[in-house]
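Asker: Need a 3D model of the sequence below.
(chains A and B)
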Amino acid sequence: MCCEKKLSEAAAEKFAELDKFIDSLNLAADDERRRGYLIQVLHRAQDIFGYLPREVQIHVAKRLTLSEAAVSGVVSFYNYFSTKPKGKYCINVCLGTACYVKGSEKVLSEIERVLGVKADTDPTPDGLFSVSALRCVGACGLAPVVMVNEKVYGKVTPAKAVEIINEYKKLG
Amino acid sequence: MSETMNNVNVTINGKKVSVPAGSTILEAAAKLNIKIPTLCYCPSVGCGVENKPASCRICLVEAEGIRRGRRILVPACATPVAEGVEVFTNTQRALQARRTVLELLLSDHPQDCLTCPKNRDCELQQLAAEFGIREIEFKGKRNRFPVDMSSNAIMRDLSKCIMCRRCETVCNKVQTVGALTGYGRGFSAKVGTASMIPLADTSCTFCGQCVNICPVGAITGISYVKKVWAAINDPKKTVIVQTAPAVRVAVGQEFGFAPGQPVTGKLVAGLRALGFDKVFDTNFSADLTIMEEAHELVERVKAQKNLPILTSCCPGWINFIEHNYPDLLHIPSSCKSPQQMFGALAKTYYAEKIGVKPEDMVVVSVMPCQAKKYEAARPEFSTDGIPDVDYVVTTRELCRMFQEAGVHLANMEDEAFDNPLGQSTGAADLFGVTGGVLEAALRTAYFFLNRKNLEKDALVFDSVRGLNGVKEASIEIVPGLKVNVAACSGLGNARKVLDMVRKDPTRFQAIEIMACPGGCINGGGQPFLHGRRDLLKKRMEGLYSEDARKVLRMSHENTDIQALYKEFLGEPGSEKAHHLLHTVYHQK
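Answerer: Have a look, this model is predicted:
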């Protein structure tokens, strides 16, 4: 098996943090609740790693004595889980009805054009930005809405979107 | 009224029936001999495990009394009946709903039946024929996936997957292999591997149970038939064939013989008619396996070392232990499987005898198995880059070869195997059914320990016969010495027994394990049973009858085996025997 791969210190710390969480669940190898806890563990793993690469899925499978396939099936089912790394800043453009009517699609195309990446694919080569489309964040009064990580921007025009991106570029 | 407290009365198409509460509409209808089409539903994908995801909706019927005041469409396979429920299976609405469901399934299906390996054995094709589909109205997007040919044994063409999930159920719940999962969601969802990696990179054991129960052509075996034809027609090659014990009681199914009827003589004649230079028997090397394995068993019991000994003739099972129990790799018998023993001998002992160079000899195996293809390609079973066994074809693939060549087994006169790799005892026939290897080994181990044969009426070990998943027995092998043995089939059962061994290594002294539920008679390359367990029982009885009809029923009585040791190998367990007939296992 290839699990003896040398991990960078940062990755080792992340795995240790995940293990601490799994340990806290006190699940025996034959505990019937293992499957039930899988989603919770994956949520935590994605919080820690930012995404769920195969080695993290294999690790979770081993720790919960599930097959890798069982873990992978769950990861593939939920949109929330990502197997690709996300940028430092996740730009989410709302394509819900209100935002769409107010022109959020143009905002999205402009962001894709400026950053040179398509929505829901890989992040920018510098790792700073990834772009996603989502459906309604419940702030329709502010349509069109763009979120950058947890921060919400309202009444975004294509031009304003470029300004927002530039702000984050400055932050680095 | 004769009904019991727990029964409910339902009406189906105007006919009344009383069924146990909790029965499904499908079960109630079966009681009235009313057929409702099914596709994803499978009453047993193996070991009695049901597949009932209710995902295909091909069994839609109309029912009243399930939801108050309304007549609704429900899937018959997954809807329990209740008192007073009225079901209509063939109203216009039900028929139209089922037709729509089928057309939608077909609209995302390649429809390449003519060139599909499952042509004439496909349940989707069968439904299309029964429904009289002449045109598929829906023209829409289709899923396209690359065909996975990464392994030497199993091919997956997910463009054909209809998401019945039978393979996923058998892989996870019956075999506990865990190689398959529902992957993705919505339109593009398929049954795939972890992260859709190639099958060869997973923990798949190639047992082929998924191949057996896939209703369509999404999972099939990788075929070497073309290469076999090319070899047969190559004048420079001496092409010999061996045929496994379980083949002789299954191949007749495709040629109108009674289920389970042994057709050994006709099979030999058929193989000769295909053009093989010599027709030999894997039974011969099964007898040889017993000589080596019984010797090993006796040695280990005497030394009380590396117990329990586990049988090693099933390559699916060997893959399973290599993946899942690396801590136990010292206890399987070091014997190669009969297939590989045959290959090793053919390209040494036999090649020398007839003066043919190993590189000019082609060894073909007819096996009930997909994992045998993987096994034959294992690097440790090659000498100087020449594999001991060149090509494996399954029983099903052999049937196609017979059909292609116009060889109809029913029209063949019985013929005998060639020598010297063709003679076998009744013990060897037992290899094809769960418990058989153990029984055969006990017969010869008894002889090794007591220097006399078992009495004729003591030859049959009933406690390890039958199709039960786990069979345990305590057998007095020498007066005063009892050995605890177990025979299990199905990898889920193997896992249970191995977990027992981990907890208490002294509980058993010998265990036989077969990957497929019931043993090789239910192998991943056998003619399809379509869930018919009664046919499996017939195959088992067929092998028992082969054993019973033979004069020689103990492996050590095989005179060609005796000659082989005398001329070539020396004693069981000799250095030469170890070099040619034994192997080592690797953690995966």
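
Asker: ranges for the strands of chain A?
Answerer: For chain A, the strands defined by DSSP state E occupy A:89-94, A:129-134, A:146-148, A:151-153.

Asker: what's near enough to touch the residue of chain A found nearest chain B?
Answerer: Going by C-beta to the nearest C-beta, chain B is nearest to A:S67 of chain A, at 2.7 Å. Every residue, glycine included, has its C-beta placed from N, CA and C. Contact analysis of A:S67 by C-beta atoms under 8 Å, 6 or more residues apart in numbering or on different chains lists A:61, B:172, B:177-179, B:181, B:194, B:203.

Asker: Go again with 7 Å.
Answerer: A:61, B:178 (C-beta atoms under 7 Å, 6 or more residues apart in numbering or on different chains).

Asker: pLDDT value on it, please?
Answerer: Note on A:S67: pLDDT of 96.

Asker: Show me which positions of stretch B:401-420 end up buried.
Answerer: Neighbour counts using 16 or more other C-beta atoms under 10 Å in any protein chain shown place B:401-402, B:407, B:409, B:412, B:415, B:417-418, B:420 of stretch B:401-420 among the buried residues.

Asker: what's the answer for stretch B:483-503, then?
Answerer: B:483-495, B:497-498, B:500-501.

Asker: Which residue, neighbours along the chain excluded, lies closest to the residue of chain A positioned farthest from its centre?
Answerer: Largest separation from the mean C-alpha position in chain A: A:D30, at 30.7 Å (C-alpha atoms, centre = their mean). Leaving aside its chain neighbours, A:D30 sits nearest to A:T65 (7.7 Å; criterion: C-beta to C-beta, 6 or more residues apart in numbering or on different chains).

Asker: Is it correct that that neighbour is in contact with A:A29?
Answerer: Yes. Between A:T65 and A:A29 there is a contact under C-beta atoms under 7 Å: 4.7 Å.

Asker: out of those two, which sits in the busier spot?
Answerer: Per other C-beta atoms under 10 Å in any protein chain shown, whichever of A:T65 and A:A29 has more neighbours is A:T65, with 12 against 8.

Asker: what's the spacing between that one and B:N324?
Answerer: Here the criterion is C-beta to C-beta, to the nearest Å. By it, A:T65 lies 11 Å from B:N324.

Asker: same check, this time on B:G570
Answerer: Using C-beta to C-beta, B:G570 is found at 36 Å from B:N324.

Asker: So between these two, which is more surrounded?
Answerer: Remark: of B:G570 and B:N324, B:N324 carries more neighbours, 20 against 12, as counted by other C-beta under 10 Å.

Asker: Check what pLDDT that one gets.
Answerer: pLDDT, read off for B:N324, is 97.

Asker: Quick one: name the residues of chain A near chain B.
Answerer: By the rule C-beta under 7 Å from any C-beta of the partner chain, the part of chain A lying against chain B is A:54, A:67-70, A:72-73, A:76-77.

Asker: In ChimeraX, select just the buried ones from those.
Answerer: Selection of buried members from the residues of chain A next to chain B for ChimeraX, criterion 16+ other C-beta under 10 Å:
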select /A:67,68,69,70,72,73,76,77
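
Asker: Flag every buried residue along the strand or helix carrying B:L127.
Answerer: Taking DSSP states H and E as the criterion, the element that holds B:L127 is helix B:123-131. By neighbour count on 16+ other C-beta under 10 Å, the buried set for helix B:123-131 is B:123-125, B:127-128, B:131.

Asker: cool, and stretch A:121-128?
Answerer: A:123, A:128.

Asker: Show the average pLDDT along it.
Answerer: Averaging pLDDT along stretch A:121-128 gives 91.

Asker: Quick check: end-to-end length of it?
Answerer: Taking C-alpha to C-alpha, to the nearest Å, stretch A:121-128 runs 14 Å from one end to the other.

Asker: For chain B, what lies in contact range of chain A?
Answerer: Residues of chain B that fall close to chain A, judged by C-beta under 7 Å from any C-beta: B:178-185, B:193-195.

Asker: Now do the phi/psi pair for the residue of chain A closest to chain B.
Answerer: Recorded main-chain torsions at A:S67 are phi -80, psi 150, according to degrees, to the nearest 10.

Asker: what about B:V170, which SS state?
Answerer: At B:V170 the chain is in helix, as set by DSSP: H, G, I helix; E, B strand; the rest coil.

Asker: While we're on it, how confident is the model there?
Answerer: 98.

Asker: Number of residues surrounding B:D384?
Answerer: 6.

Asker: err, B:P146, not the other one
Answerer: By other C-beta under 10 Å, the residues close to B:P146 number 11.

Asker: Tell me if I am right that it is in a strand.
Answerer: No. Read with three-state DSSP, B:P146 is coil and lies in no strand.

Asker: I'd like the average pLDDT over stretch B:425-437.
Answerer: According to the model, stretch B:425-437 has a mean pLDDT of 98.

Asker: For chain A, see how far away the residue nearest to B:E557 when sequence neighbours are not counted is.
Answerer: Among residues not flanking B:E557 along the chain, B:T425 sits closest, at 5.7 Å (C-beta to C-beta, 6+ apart). Per C-beta to the nearest C-beta, to the nearest Å, B:T425 is found 41 Å from chain A.

Asker: in the top helix by length along chain B, what counts as buried?
Answerer: With secondary structure taken from DSSP state H, chain B has its longest helix at helix B:282-303. For helix B:282-303, the neighbour count (16+ other C-beta under 10 Å) marks B:282-298, B:300-301 as buried.

Asker: Could I get the CA-only coordinates of it as CSV?
Answerer: Extracted C-alpha coordinates of helix B:282-303, given in CSV (Å, rounded to 0.1, in the frame of the first residue of the first chain):
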residue,chain,number,x,y,z
THR,B,282,-8.0,-30.2,-14.4
ASN,B,283,-9.4,-33.0,-12.3
PHE,B,284,-6.0,-34.7,-12.7
SER,B,285,-4.2,-31.7,-11.1
ALA,B,286,-7.0,-31.5,-8.5
ASP,B,287,-5.9,-35.0,-7.4
LEU,B,288,-2.4,-33.8,-7.4
THR,B,289,-3.4,-30.8,-5.3
ILE,B,290,-4.9,-33.2,-2.8
MET,B,291,-1.6,-35.1,-2.6
GLU,B,292,0.3,-32.0,-1.8
GLU,B,293,-2.3,-30.3,0.4
ALA,B,294,-3.1,-33.4,2.4
HIS,B,295,0.6,-33.9,2.9
GLU,B,296,0.9,-30.3,4.1
LEU,B,297,-2.2,-30.7,6.4
VAL,B,298,-0.7,-33.8,8.0
GLU,B,299,2.7,-32.1,8.5
ARG,B,300,1.1,-29.0,10.0
VAL,B,301,-1.1,-31.0,12.3
LYS,B,302,1.8,-33.1,13.4
ALA,B,303,3.9,-30.1,14.1
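
Asker: Where does pLDDT dip in chain A?
Answerer: Scanning chain A for pLDDT under 70 picks out A:1-7.

Asker: Show me the domain layout of it.
Answerer: A:9-77, A:89-171 (automatic domain parsing).

Asker: So which of those is nearest B:T243?
Answerer: Among those, the nearest to B:T243 by C-beta to C-beta is domain A:9-77 (34.8 Å).

Asker: neighbouring contacts of stretch B:264-282?
Answerer: Residues outside stretch B:264-282 that contact it (C-beta under 7 Å, 6+ apart) are B:232, B:238-245, B:247-248, B:251, B:338-339, B:342, B:401-402, B:405, B:407, B:409, B:412-418, B:421-422, B:424.

Asker: cool, and stretch B:449-466?
Answerer: Stretch B:449-466 is contacted by residues B:298, B:435, B:438-439, B:442-443, B:446-447, B:471, B:473, B:475, B:477-478, B:485, B:487, B:553-554 when judged by C-beta under 7 Å, 6+ apart.
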